[in-house]
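*Asks:* model the following, please.
(one chain, ligands or ions: 1)
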Amino acid sequence: MATDCAAAAAAAGSKKKKEVLIFDAEEDLAVSLAKYTAELSAKLAAERGAFTVVLSGGSLIKNIRKLAEPPYLDSVDWSKWHVFWVDERVVPKDHEDSNYKLALDGFLSKVPIPTGQVYAINDALSAEGAADDYETCLKQLVKNGVIAMSQSTGFPRFDVMLLGMGPDGHIASLFPGHPLVNENKKWVTYIKDSPKPPPERITFTFPVINSSAYVAMVVTGAGKAGAVQKALSDKQTSSDLLPVEMAVLQDGEFTWFTDKPAVSMLQNK
Ligand SMILES: O=C1O[C@H](COP(=O)(O)O)[C@@H](O)[C@H](O)[C@H]1O
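*Replies:* Predicted structure coming up:
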């Protein structure tokens, strides 16, 4: 069961909405996340004719496993799905560190999404080349009408981003204190000195993440409780924002999917 702790805190005068769901068990979280994603798939595919889904790597992939099981395996219209990565490690696609391989093994190989609608990076390129190439691919898909554009920000507006967060509060490959968190022109950029291995990665920038229609931030485990506390506490504990705190949607709905250990340092939970 989930506790709705922050209960849809709609900011006055804006469409910003944030909700925090806290689950007793990881199994319940996975069930709820599958339902959330399947409902968005039905709604947005009906409205737009396509459903653009952005995945992270890491623990997120295990948490979306229920989507590849009944009833969703048969009820979701997978032909409408277009799958992207919020970040990717610049390694061959069959490398153990590849976020594509992680998603392929844990999710994509189990659902009938057309292969031409799964947008992996070009792993033959350098980090800089792969980031430019991915941004070019996104621009083409905007032209084709597959990806929407945000009228308010001028950046692409993905239907949903299913994201994880590291124990240090990083999301995508946007790390605390790294200058990339301030990138405000590019859609996709690259990093060659990631503090978490492997060092070379590409990543969506904050203007793209923050233009999303829906974001699910999926965070479990006591190891992430400190960053969750900083992100969700009413009290400002330091002036330096963690990357996860910089994920503020311009006009979208942000939902945290957490478990009890992850929120254990929060008061009023
Ligand atoms: O390196 C990465 O880490 C983050 C967090 O991973 P998690 O296993 O702690 O959930 C992930 O979201 C990102 O995509 C990945 O490249």
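
*Asks:* show me the helices in the protein, by range?
*Replies:* Taking DSSP state H, the helices of the chain run over residues 26-48, 60-63, 72-75, 99-106, 127-143, 206-209, 225-232.

*Asks:* quick one: mean pLDDT for the fourth one?
*Replies:* If you average the pLDDT over helix 99-106, you get 98.

*Asks:* who touches it?
*Replies:* Helix 99-106 is contacted by residues 55-58, 61-62, 64-65, 83, 85, 87-89, 93-95, 120-121 when judged by C-beta atoms under 8 Å, 6 or more residues apart in numbering. (Glycine included, C-beta is placed from N, CA and C.)

*Asks:* how does it look with 6 Å?
*Replies:* Helix 99-106 has contacts (C-beta atoms under 6 Å, 6 or more residues apart in numbering) with 55, 57, 61, 85, 88, 93, 120.

*Asks:* what's near enough to touch the fourth one?
*Replies:* Shown here is residue 85, whose contacts under the criterion C-beta under 6 Å, 6+ apart are 55, 99.

*Asks:* how about low-confidence regions in the stretch 1-150 of the chain?
*Replies:* For the stretch 1-150 of the chain, the stretches flagged by pLDDT under 70 are 1-16.

*Asks:* by proximity to the ligand, which residue of this structure wins?
*Replies:* residue 58 (2.4 Å; C-beta to the nearest ligand atom).

*Asks:* quick check: beta-bridge partners of the closest residue to that residue other than its chain neighbours?
*Replies:* Spatially, and ignoring its direct neighbours in sequence, residue 58 is nearest to residue 164 (4.4 Å; C-beta to C-beta, 6 or more residues apart in numbering). The partner list for residue 164 in beta bridges (DSSP bridges) reads residue 218.

*Asks:* residue 63 is in contact with residue 164, correct?
*Replies:* No: between residue 164 and residue 63 there is no contact under C-beta atoms under 6 Å: 7.9 Å.

*Asks:* return every residue with contacts to both of these two.
*Replies:* With C-beta under 6 Å, 6+ apart, residue 164 and residue 63 have common neighbours residue 218.

*Asks:* run a quick neighbour tally on the residue of the chain closest to the ligand.
*Replies:* 17 (other C-beta atoms under 10 Å).

*Asks:* before we move on, what about residue 121?
*Replies:* Neighbours of residue 121 using other C-beta under 10 Å come to 27.

*Asks:* which residues touch it?
*Replies:* Residue 121 neighbours (C-beta under 6 Å, 6+ apart): 88, 130, 134.

*Asks:* residue numbers of this protein in contact with the ligand?
*Replies:* Residues of the chain found near the ligand (C-beta under 6 Å from any ligand atom) are 56-60, 87, 99, 164, 166, 173, 196.

*Asks:* now, of these, which are buried?
*Replies:* 56-60, 87, 99, 164, 166, 173 (16 or more other C-beta atoms under 10 Å).

*Asks:* contact partners for the spatially most central residue of the chain?
*Replies:* Taking C-alpha atoms, centre = their mean as the criterion, residue 163 is the residue nearest the geometric centre of the chain, at 2.8 Å. Residue 163 sits next to 56, 171, 217 when contact means C-beta under 6 Å, 6+ apart.

*Asks:* tell me who's in contact with the first one.
*Replies:* With C-beta under 6 Å, 6+ apart as the criterion, the residues that contact residue 56 are 86, 163-164.

*Asks:* try the second one
*Replies:* For residue 171, the contacting residues are 163, 165, 243-244, taking C-beta under 6 Å, 6+ apart as the criterion.
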